[in-house]
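Participant: no FASTA, just this:
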Ligand SMILES: [Mg+2]
């Protein structure tokens, strides 16, 4: 492609991926119950990290997120899949990255472990994200800008439309992106001035006692937060109490609740009647992430409370069906559950076609650092709107990142460092490596 030639002339030499290594990184968050919810009662926020070694100046760093046990299995899967990018030139990979993505998700034997779901898809995400990190570092730009600088044709060329074309094909996607292209610069300037709207989850973990929730809510309000989420789903009385406490602290500001898949469909509908007085903006993951029609039934029953899901939606096909079935009000993409940047772009386009806002899942380890880029891309290139949009933030573990997500007055600042913001400090890798890092001694 012309773009490849042009870039390679600018770079004195190509950057070739020469090797791969993985690292099992785990933070002992279960000790404080940070991240606890109705289903995941003791998470140790973890990242299966991959480092793409090169013959150039930079390494590509990527990760996928888990909550502890099994993180080593993700590392093993990454090592098996990564042979598909070792020996390749990064500019060539990115110039035709829909083909790269198709190769990674269609390894003739490994695909049996998915396809495009579960552990093998988490591994795909780590590798795809690492390739994009390497490309952005090589270009000297933050990931969001590398993508936003593409022409509409190049942008749409990053997406594998297989399994989507009955609902959204390349031409229609191109029309969406072209319509917004002339005004991209104004939206970038606006985000650099104002930031991207966010909400706070880390005041309302399920394992936190009431006084801690109150203290954290007050501190967050003082910091300028204007939108909050609490965990629900253990028992009705304690959920009502948690919502009362949050409402007492935050007043009429937007409040969401997250059930983390704990309910049956009928149970969700019944349970939500008890939470009606709290005027929730959305109920998140009310039931199994695979139950598209169940989500639709819940949505019809609990309106005007919205239904949100996506952090466990395995791939773009699940989102296609959730949108076709009018099952959700909010699309919660996850930077690592979907197969990395390329598949996220596919879901952003789907959501724009259906006119449903994207409110990314974040928190965890590194997920805020990732999705800040994806929200910028969504606004600048795909949706062109901030209406009813808000990106999750949890205030944990950012100190480990060389370029952490930055918040001002409850909004993400636009990341400006080159790459995809996922590099940790060397001492953090050393401390959090499982099982021999100093945090685990
Ligand atoms: Mg959630």
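Facilitator: Good, I have the coordinates. Given the structure is predicted, the values throughout are model-derived calculations rather than measurements.

Participant: C-terminal to the helix or strand of the chain at the bottom of the mean pLDDT ranking, what's the next element?
Facilitator: Least confident helix or strand of the chain, by mean pLDDT, DSSP states H and E, is helix 2-10 with a mean of 41. Next in sequence after helix 2-10, counting helices and strands by DSSP states H and E, comes strand 17-26.

Participant: And that next one, what's buried?
Facilitator: Along strand 17-26, the positions that meet the burial threshold by neighbour count (16 or more other CB atoms under 10 Å) are 17, 20, 22, 23, 24, 25, 26. Using the backbone N, CA and C atoms, a C-beta is placed for each residue, glycine as well.

Participant: do stretch 387-396 as well
Facilitator: Applying 16+ other CB under 10 Å to stretch 387-396 flags 389, 390, 391, 392, 393, 394, 395, 396 as buried.

Participant: Count the neighbours of the closest residue to residue 396 other than its chain neighbours for me.
Facilitator: Sequence neighbours aside, residue 34 is the residue nearest to residue 396 in space, at 5.3 Å (criterion: CB to CB, 6 or more residues apart in numbering). Around residue 34 there are 21 other residues, counting by other CB atoms under 10 Å.

Participant: where does the chain have low pLDDT?
Facilitator: 1-13 (pLDDT under 70).

Participant: residues from it in reach of the ion?
Facilitator: For the chain, the residues in contact with the ion (CB under 5 Å from the ion) are 258, 284.

Participant: ranges for the strands of the chain?
Facilitator: The residue ranges that make up the strands of the chain, judged by DSSP state E, are 17-26, 46-54, 60-66, 196-200, 228-231, 255-258, 282-284, 306-309, 330-331, 391-393, 407-408, 411-412.

Participant: Throw those into JSON lines and include distance to residue 368, thanks.
Facilitator: Converted to JSON lines, these look like this (distance: least, CB to CB, whole Å):
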{"stretch": "strand 17-26", "distance to residue 368": "16"}
{"stretch": "strand 46-54", "distance to residue 368": "13"}
{"stretch": "strand 60-66", "distance to residue 368": "11"}
{"stretch": "strand 196-200", "distance to residue 368": "9"}
{"stretch": "strand 228-231", "distance to residue 368": "14"}
{"stretch": "strand 255-258", "distance to residue 368": "16"}
{"stretch": "strand 282-284", "distance to residue 368": "17"}
{"stretch": "strand 306-309", "distance to residue 368": "17"}
{"stretch": "strand 330-331", "distance to residue 368": "18"}
{"stretch": "strand 391-393", "distance to residue 368": "6"}
{"stretch": "strand 407-408", "distance to residue 368": "9"}
{"stretch": "strand 411-412", "distance to residue 368": "8"}
